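Enquirer: this one's structure only:
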């Protein structure tokens, strides 16, 4: 049997798991400050849910799916939005609006593993449904900005914003059919990854007429006829800039977003360092989230932020500094006669929410001290005669001697 994890997935040993948990904690702290509520859904969903609500590329090329024992077609979730939509539709009349929900699900997509993208990842999702659209758009971008401010990295990112309505106005003037419109959006989305020559060659196939190409140039230069939409977008951007000075947030006509359901503002977050060239987070506004479930309609805005890219970003900029170590008392076991007192002391510490790490077998004191240091204990407890203990701080080497009951009373104060 191979000792390697399945391709595109990761083993989280304690050190790596600690980093992941820090990311989770930061997500939860940021979301709670904006009064978002956490929700969760199942890892398995009906295949039909994704066929109806997810982009074609994900369904046809990236979705893990199988027939269960009841011959039902089941999929492992590649994203969380369809599950959220199903949950809201199921209790639409019971859930008070506007809805502020977030989750940190484990997601799976079958794709080629590379830096910043794996087959399995954890993702911070935040969605705001209902309320005034413009104000909700600002609020979701403020949450995103706050996350990076909280991380100490507000000046290390750029948020690039567009609006699908501007893109649609362009497509209307170009007169492209649905197939060529989709092809053009994908080409624009990939513009920065292509050479100018390769982009032009592909563009001439989609837009063969010179007038169409001229119109697209105007779109890239910001002189395309969509002034009102641009002004509204830039007004919202200026509100965010005032609240988060130093944040690099701006209109960018290249931002398209890959999923089919975005209908308004769209955005992506990028690292200012070229080392991480993938988007760290992305999202936008969607107006037709609940359509497949019936007559209820609800517009929303949200984003997703994967742990793979963010942890690379954190490592690149060395953002997770060592925090103050919490107290961990390593309680030695000199001989079996100390076992009852060892248990009494450990129980008292744990009751006060202080970690107690017990030696599970008798050994020389030097060996037990070595284990305590290896486990990053802050203090070591050594049993003496007559129910006395010596407590030694492993960093300062300071020692104090107590009766066991005296020590317990001290920690309970």
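Expert: Yep, it's here. Keep in mind that this is a model prediction, so the values were computed, not measured.
Enquirer: geometric centre of the chain: which residue is closest?
Expert: Geometric centre of the chain, nearest residue: residue 124, 3.0 Å, by C-alpha atoms, centre = their mean.
Enquirer: give me every residue that touches it.
Expert: Applying C-beta atoms under 8 Å, 6 or more residues apart in numbering to residue 124 gives the contacts 23, 27, 31, 102, 104, 147, 281, 304, 305, 306, 307. Bear in mind the C-beta positions are built from the backbone N, C-alpha and C, glycine included.
Enquirer: so the fourth one is in which element?
Expert: Element membership for residue 102 (DSSP states H and E) is strand 99-103.
Enquirer: tell me the helix or strand right after that strand.
Expert: Next along the chain after strand 99-103, taking DSSP H and E as the criterion, comes strand 106-108.
Enquirer: partners of the helix or strand following that next one, with directions?
Expert: Following strand 106-108 in sequence order, the next helix or strand is strand 120-129 (DSSP H and E). Looking at strand 120-129 with DSSP bridges, its partner strands are strand 99-103 (antiparallel), strand 106-108 (antiparallel), strand 300-306 (antiparallel).
Enquirer: now the ones you listed in CSV, with mean pLDDT and mean neighbour count?
Expert: Listed next are the strands paired with strand 120-129 as CSV, based on pLDDT from 0 to 100; neighbours: other C-beta atoms under 10 Å:
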stretch, mean pLDDT, mean neighbour count
strand 99-103, 98, 21
strand 106-108, 97, 17
strand 300-306, 96, 23
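Enquirer: need the residues that contact the strand holding residue 102.
Expert: 27, 31, 34-41, 80, 84, 88, 124-130, 298, 300.
Enquirer: now that strand, how far from the centre of its chain.
Expert: Remark: strand 99-103 is offset 13 Å from the chain centroid, using C-alpha atoms, centre = their mean, to the nearest Å.
Enquirer: and the gap between residue 237 and residue 251?
Expert: When distance is defined by C-beta to C-beta, to the nearest Å, residue 237 is 7 Å away from residue 251.
Enquirer: give me the more crowded residue out of those two.
Expert: The residue with more neighbours, out of residue 237 and residue 251, is residue 237; 20 against 15, by other C-beta atoms under 10 Å.
Enquirer: may I have the secondary structure class of that one?
Expert: Here residue 237 is helix, with the state taken from DSSP: H, G, I helix; E, B strand; the rest coil.
Enquirer: go ahead and confirm it touches residue 248.
Expert: No. Using C-beta atoms under 8 Å, residue 237 makes no contact with residue 248, being 10.6 Å away.
Enquirer: show the buried residues in the contacts of strand 99-103.
Expert: Using 16 or more other C-beta atoms under 10 Å as the burial test, those include 27, 31, 34, 36, 39, 80, 84, 88, 124-129, 298, 300 as buried.
Enquirer: what about residue 390, distance to residue 56?
Expert: Noted for residue 390: a distance of 68 Å to residue 56, by C-beta to C-beta.
Enquirer: so which of the two has more stuff around it?
Expert: Neighbours per residue (other C-beta under 10 Å) separate residue 390 from residue 56, with residue 390 holding more: 14 against 11.
Enquirer: tell me which element that one falls in.
Expert: Applying DSSP H and E as the criterion places residue 390 in strand 388-393.
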